[in-house]
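S.K.: Task: produce atomic coordinates for the following.
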Amino acid sequence: MLQRNLRSFIKFTAIIFAVTALSLADDVQIHPNAGKTSASFLKLGLGARAVGMGESYAGIADDIYAVYWNPAGLNNLTKNELSAMHTEWFQDIRYEYASVALRLSDRSVGAFSLGGLYMSGLERRTVLENPEDAPSVPEGTFGAYDVVAIFSYAFKLDESWTLGANLKGICESLDVYNGYSAALDVGAQYKLSPNMKLGMVIQNFGPNLTVREQSYWLPFNVKVGLGFAIPEWRITGDIDINQPIDDFTRFSAGAEYNYENLIFLRAGYRYRWNGDALGNLAGLTAGIGLRISDYQLDYAFVPFGDLGITHRISFTARWGQAGQK
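M.R.: Okay, here's the model as predicted:
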């Protein structure tokens with residue numbers, strides 16, 4: 001039984017990669033809005049489970065990390081949840097994140113999340129009046145950090161529709177300069193069948209962030225996802241389409257194999273229309289999860305071409321009485 005299900009999982013993910021590869025483009029194009037947004041750390045996917053599945057999660061979001069992927073998915077929680085995540089990014093950039101979600105009633109869930117990206121040891125230099133005459137002069141080091149606080153709420157409207165929203169407070173800091181803004185996420189999940197859901201999300205809608213009198217857009221994004229389960233194969237999957245304000249359309253697909261609700265194997269692929277400057281192989285993701293009772297540890301492996309390899313580790317604890325089935 002195990003070997004047959006594993007073969008099914010491998011075949012299923014191979015189909016996803018093969019279908020995606022048919023649309024790969026050789027020429028890489030730069031979007032005209034590239035580099036015009038601020039708070040880019042809001043684009044970093046949260047939760048090693050979702051990231052390992054190719055960052056395709058809008059339709060199946062059913063844990064505390066639904067805060068990032070589709071806040072409506074918070075209402076799928078069967079217990080209260082507490083999570084913590086560490087991201088080891090390239091160039092010594094790190095991202096820490098923690099969240100707690102509590103079931104408020106049979107039809108609603110609330111959550112609070114706090115995340116921070118940081119790096120230190122950046123070299124400060126003085127720009128000379130005539131740089132061609134002599135090199136700039138080092139003047140010590142400085143740091144940079146980004147912080148987001150998120151209040152979330154999800155509500156079950158009826159047997160088919162679930163709605164959710166996030167209210168975000170955002171801060172960006174570079175040396176002595178700071179910028180602040182707020183943003184709103186709105187999400188919905190619609191149950192097409194017992195094993196299929198449609199997810200729809202609008203992310204980072206809000207006023208521009210201003211630093212040193214320069215104003216920048218937030219990384220606004222519109223997302224649609226189709227989540228599905230194949231119980232007889234013990235496979236859960238999702239296909240997402242993202243349209244960010246500063247880039248071309250992005251497609252992602254991923255799958256997870258569940259062995260006895262103990263070990264979880266994951267794989268996924270992300271593809272950017274008009275090519276990826278980091279190379280097509282940079283879209284591959286993989287991950288593994290281990291769940292014992294109400295505690296779960298997940299890991300995701302995400303390559304970024306010449307920039308290097310990134311790692312995500314997330315932990316989730318569950319407690320309390322069962323909520324919505």
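
S.K.: ok, now which ones touch the residue nearest the centre of the chain?
M.R.: Centroid-nearest residue in the chain: G45, 1.9 Å away (criterion: Cα atoms, centre = their mean). The contact partners of G45, taken as Cβ atoms under 8 Å, 6 or more residues apart in numbering, are 51, 55, 68-69, 312. Glycine gets a C-beta too; all of them are placed from N, C-alpha and C.

S.K.: For stretch 234-254, buried residues please.
M.R.: 234-242, 244, 246-248, 250-254 (16 or more other Cβ atoms under 10 Å).

S.K.: The residue lying closest to I60 once chain neighbours are set aside: neighbouring residues, count only.
M.R.: In space, and not counting its chain neighbours, I60 is closest to G227: 3.2 Å by Cβ to Cβ, 6 or more residues apart in numbering. The number of residues packed near G227 is 25, by other Cβ atoms under 10 Å.

S.K.: Surely V51 forms part of a helix?
M.R.: Yes - membership of V51 in a helix is supported by DSSP: H, G, I helix; E, B strand; the rest coil.

S.K.: In space, what's closest to it - neighbours in sequence excluded?
M.R.: A300 (4.1 Å).

S.K.: related to what we said a few turns ago, distance of the residue nearest to the centre of the chain from R234?
M.R.: 24 Å (Cβ to Cβ, to the nearest Å).

S.K.: Could you do A48 as well?
M.R.: Distance from A48 to R234, by Cβ to Cβ: 19 Å.

S.K.: Could I get the full set of helices for this structure?
M.R.: Using DSSP state H, the helices found in the chain span residues 2-21, 48-52, 66-69.

S.K.: Looks like D238 contacts L226 (just checking).
M.R.: Yes - D238 is within contact range of L226, at 6.8 Å (criterion: Cβ atoms under 8 Å).

S.K.: Quickly list what's touching both of these two.
M.R.: With Cβ under 8 Å, 6+ apart as the test, D238 and L226 both reach G59.

S.K.: For R212, give its distance to N33.
M.R.: 21 Å.

S.K.: Enumerate every residue touching N70.
M.R.: Contacts of N70 (Cβ under 8 Å, 6+ apart): 57-59, 61, 164, 187-189, 199-201, 223, 225.

S.K.: just L281 next, same as before
M.R.: Applying Cβ under 8 Å, 6+ apart, the residues contacting L281 are 303, 305.

S.K.: let's see it at 10 Å
M.R.: Contacts for L281 (Cβ atoms under 10 Å, 6 or more residues apart in numbering) come out as 269, 303, 305.

S.K.: Is there a neighbour count for the last one? I'd like the number.
M.R.: Burial measure for G305: 14 neighbouring residues, criterion other Cβ under 10 Å.

S.K.: hmm, back to that, kindly state the beta-bridge partners for the residue nearest to V51.
M.R.: With DSSP bridges as the criterion, A300 is bridged to G287, R312.

S.K.: mean pLDDT for the helices of the chain: which is lowest?
M.R.: Ranked by mean pLDDT, those end with helix 2-21 in last place, scoring a mean of 53.

S.K.: Output the below-cut-off pLDDT ranges for the stretch 151-300 of the chain.
M.R.: Applying pLDDT under 70 to the stretch 151-300 of the chain flags the ranges 277-280.

S.K.: For the stretch 201-325 of the chain, which segments count as strands?
M.R.: For the stretch 201-325 of the chain, applying DSSP state E, counting those that start in this stretch gives strands covering 209-211, 214-216, 221-230, 235-244, 250-259, 263-272, 284-292, 295-303, 309-319.
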